[in-house]
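Asks: What shape does this take:
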Amino acid sequence: MKTYLLSPTIVALVFLSFNVSATVHYVDLNCTNSSSPYLDWSTAATNIQDAVDAATNGDSILVTNGVYQTGGAAVTSVFGLIVESNRVMVTKPLTIQSVNGSGATTIEAYQAPGTTNSGRSGLRCVWLTNGASLSGFTLMNGYAFFRELGGGSGGGVYCLSNATVSDCVISNNSAGSGGGVYGGTVSNCVIVNNFANSSGGGAASSTLINCQLSQNSANQNGGGADSSFLNNCTISYNSAETGGGCYAPSSALPVILPNACVNGCIITGNVALDGGGTAFTTVNNSILIGNWATNSGGGVNCGTVNNCTLAGNSAGNMGGGAIGGSFYPAKPMIMNNCIVYYNSAPVGSNYYYNYDGLAVGGYLTYCCTTPLPTNGTGNITNEPFFVDLASGDFHLQSNSPCINAGNNSFATNSTDLDGNPRISGGTVDIGAYEFQNPASVISYAWLQQYGLTNDGSADYADTDGDGLNNWQEWKAGTNPTNALSVLKMASAVATNNPPGLLVTWQSVSGKNYFLQRSSDLTAQPAFSSIQSNIVGQVGTTSYNDTNATGTGPYFYRAGVQP
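Replies: Purely as a prediction, here's the structure:
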C-alpha cells in the first residue's frame, strides 16, 4: 500500500520541479471557472494562448489532458497585415509542459469547418522564441503560410535558435520548409508524416537528438531532414527528390557544408531520385540500410562518410551504395573506415565516382568494398562477415577482416553505434560497430592476407626472421613472409649540387616517413627530427639533407609516421 501511494507523489514532484521563483499558470480545456492569471486548476485557462499571454518571463505553464484547437496569435507585418497565424505563439521565455505527455495532450491547428479560423489556411501549431521550451505534446495538422509558393517554415513548430522541444509527437503538418519542425533543439520526439513543399519534410535547420523521423516527404530536398544536425536518431521511410533521408544544401564550391551532420543514426528505407539515404551530408558512425534511389546514390549521394556501414541499398542507375561527382558543380564522395558491401545498381553496385567524366569524384580510404577502389588507400575487398546479414545484424563476427583494419585519424566519435568504445585493440574497426576485445592488435585483414592467425599468437613473432616482428611489419607495410621486405637504411651519399647527403632507405608506397639525424649517439636524446611527412615510394625513398655539411659524423634513422 505504501508503494502504491508513494509512487504517484514522486512522479508529481518530478513533473512539477519548476523554478521556485517562477509562477505556474494552469490550462484545462474543461475548466468552467476560468479566470486570469490562471494560478490554480480551479481557475485554469481553457486554451494555452490565454495562459501564455498572462505569463511573464521565466514562468511555467502546466497543461492537462485534451485536444487544444482554439485560441492563438498572429504575426503581423509593419503594415498590420497578418503574415502567419499560430495556435500557440510564445514570445516570452516560458516553460510549457503537459501533465500526462503527448498521448493525452494535443495542440491541433486545424479546426472543424464552420468554426473560427477554420480550414487549413496558414495556421501553425506552435511558435517559440529564444529561451522558450515545449514538452510532452502532440502537434498536428499545422500549416505554415504560403506553402504553395515555397515559403513558410515549421508547420508543426517554428523555433528560434535557442528554443527547445522535447518528448513530443509532431505529425501531419506541412510547410514550405521544415514541414514538422523548423529551427531549435528537438529531443526525444517522434516526427512522422509531415510534408514540405521545398525542403525538410520532417525538420529543417534543427538540432535533433534521440528522435524518430519517419514517413516524412519533401518535394525537393531532405525528406527526413534538411540542413540539420542529427544525433542518435532513426531516419526511416522518408522521401524527397534529393536526399530521401537527409540533405545538406550545396554551395558553388565542391565542399560539404558543416552545418548538416548525422552522428550515430540508423538510416533505412528512405527513397529519392538521387541520394536515397543522404545527399551532401557528413555522416558519422551510422548505418545506411535498404535505401533506394531511382537514379543514383542509393545510400549516399556525395558527402563525407566516416565509420559507417552501407548494405542493401540500391539505385536504378549508378552507385547502389554511394556515388560522387553526380551534380553540377560536382561534389565529392569521401568515405573513410566504411563497409560498403551487398549494395546493387546497374553500374557501380557498391560505389561509383567521376560521373560523366567530371574531375571531382570520390575517394574511399580504409574501406571494405568491392571492387578495389582506384582512389584512396588501405582498402580491402574481403567480405565483412556480419553476424547475420539476412536478419539485419551488422555487427562483426570474430573473424571479420574489418577488425583493426581502419585508420584512427578518421575515427570521429569516441563510441560506436552501440555506445561501446570506438577503438578497442588499439586500431579502429571498419564499419559502424566496433568488435570489443579482439584477440589480436593487428589488422585482421592484413593477418589473413599473409595466412597468419588472428588469435594474437602471431602478433609479436618474427615470421621471416628479418629482425622485425609481425606487428612492426604491419605498421611498416612490409611483407612478414619475405625477409628482404623490411624497413632499413640503404645508403647515404654525398652530393655537390646542392651540397649535403642523399639519404636512402627501403620503403613502400602508401606510407609517410620521418627522418632523424644524430651527430653524437651518446647525447640524450641522441636523434632529432629533420623532416616529416616524406611520402613513401615503391622500393626506396630518398631525402637530401642539405644541412649535413662538413666532416660529420652523421647517423640517420627513418621511421613510419602513425
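
Asks: So, low pLDDT: which residues of the protein?
Replies: The model of the chain has pLDDT under 70 over residues 1-21, 75-83, 111-121, 145-151, 249-260, 326-330, 354-360.

Asks: Quick one: the helices in it, in order.
Replies: In the chain, helices defined by DSSP state H lie at 2-15, 48-54, 444-449, 470-476, listed in chain order.

Asks: what's the third one in contact with?
Replies: Taking contacts as C-beta atoms under 8 Å, 6 or more residues apart in numbering, the residues outside helix 444-449 that touch it are 368, 380, 382, 399-405, 438, 440, 453-454, 458, 470, 474. For every residue, glycine as well, the C-beta is placed using N, CA and C.

Asks: tally of neighbours for residue 460?
Replies: Residue 460 has 12 neighbours, counted by other C-beta atoms under 10 Å.

Asks: residues touching it, list them.
Replies: 469-471.

Asks: Reformat the residues you listed as CSV; add neighbour count.
Replies: Formatted as CSV, the contacts of residue 460 follow (neighbours: other C-beta atoms under 10 Å):
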residue, neighbour count
469, 15
470, 22
471, 17
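
Asks: got CSV for the residues you listed, with distance to residue 211 too?
Replies: Rendered in CSV, the data for those read as follows (distance: C-beta to C-beta, whole Å):
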residue, distance to residue 211
469, 48
470, 46
471, 43
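
Asks: so which of these comes closest to residue 133?
Replies: Sorting these by distance to residue 133 puts residue 471 at the head of the list, at 52.8 Å, by C-beta to C-beta.

Asks: all strands for the stretch 301-450 of the chain, in order.
Replies: With DSSP state E, counting those that start in this stretch applied, the stretch 301-450 of the chain shows strands at 303-306, 309-311, 314-315, 322-323, 333-336, 339-340, 351-352, 362-365, 368-369, 386-388, 393-396, listed in chain order.

Asks: Residue 376 is nearest to which of these?
Replies: Residue 376 lies closest, by C-beta to C-beta, to one member of these: strand 362-365, at 4.2 Å.

Asks: Can you tell me which of the strands of the stretch 301-450 of the chain is nearest to residue 422?
Replies: Residue 422 sits nearest to strand 303-306 of all these, at 10.6 Å, using C-beta to C-beta.

Asks: Quick one: list the elements packing against the closest one.
Replies: With contacts defined as 3 or more C-beta pairs under 8 Å, 6 or more residues apart in numbering; DSSP states H and E, the secondary structure elements packing on strand 303-306 are strand 282-284, strand 333-336.

Asks: Of those strands, flag the one that's most buried.
Replies: Mean neighbour counts were compared across the helices and strands packed on strand 303-306 using mean count of other C-beta atoms under 10 Å; the top stretch is strand 333-336, at a mean of 28.

Asks: Distance from that one to the middle of the chain?
Replies: Averaging C-alpha coordinates over strand 333-336 and over its chain gives two centres that are 13 Å apart (C-alpha atoms, centre = their mean, to the nearest Å).

Asks: quick one: contacts of it?
Replies: Residues external to strand 333-336 that are found in contact with it (C-beta under 8 Å, 6+ apart): 297, 300-308, 322-325, 351, 353, 361-367, 406-407, 410.

Asks: mind listing what it pairs with, with the direction of each?
Replies: strand 303-306 (parallel), strand 362-365 (parallel) (DSSP bridges).

Asks: CA atoms only for it, dumped as PDB, please.
Replies: What follows is strand 333-336, C-alpha atoms only, in PDB (Å, rounded to 0.1, in the frame of the first residue of the first chain):
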ATOM      1  CA  MET A 333      32.000  11.400 -52.200                       C
ATOM      2  CA  ILE A 334      34.600  10.800 -49.400                       C
ATOM      3  CA  MET A 335      34.400   7.600 -47.400                       C
ATOM      4  CA  ASN A 336      36.700   6.600 -44.600                       C
END
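
Asks: Once you drop chain neighbours, what's closest to residue 495?
Replies: With C-beta to C-beta, 6 or more residues apart in numbering as the measure, residue 502 is the residue that lies nearest to residue 495, at 5.2 Å, once sequence neighbours are left out.

Asks: what is the one you found paired to in the beta sheet?
Replies: Beta-bridge partners of residue 502, counted by DSSP bridges, are residue 493, residue 544.

Asks: now residue 209
Replies: residue 187, residue 231.

Asks: That one against residue 203, yeah?
Replies: No: with contacts counted by C-beta atoms under 8 Å, residue 209 stays clear of residue 203, the gap being 11.6 Å.

Asks: Mind checking which of those two has more residues around it?
Replies: Between residue 209 and residue 203, counted using other C-beta under 10 Å, the more crowded position is residue 203 (37 against 17).

Asks: show me the contacts for residue 350.
Replies: Taking C-beta under 8 Å, 6+ apart, one finds 310, 320-322, 340-341, 343, 369-370 in contact with residue 350.

Asks: Compare those residues and tell me which has the most neighbours.
Replies: residue 322 (37 neighbours).

Asks: residues touching that one, list them.
Replies: The neighbours of residue 322, taking C-beta under 8 Å, 6+ apart as the test, are 297-301, 305, 310, 333, 335, 340, 350-352, 362.

Asks: Setting the sequence-adjacent residues aside, check what's closest to it.
Replies: Of all residues not flanking residue 322 in the chain, residue 300 sits nearest, at 4.0 Å (C-beta to C-beta, 6+ apart).

Asks: which residues pair with that neighbour across the strands?
Replies: Assessed by DSSP bridges, residue 300 has beta-bridge partners residue 278, residue 322.

Asks: how much space between it and residue 277?
Replies: Taking C-beta to C-beta, to the nearest Å as the measure, residue 300 falls 6 Å from residue 277.

Asks: Overlap of the contact sets of those two?
Replies: Each of 288, 310 lies in contact with both residue 300 and residue 277 under the rule C-beta under 8 Å, 6+ apart.

Asks: who has more neighbours, these two?
Replies: Neighbours of residue 300 and residue 277, each counted by other C-beta under 10 Å, are more numerous for residue 277; the result is 41 against 38.

Asks: That concludes my questions; thank you for your assistance.
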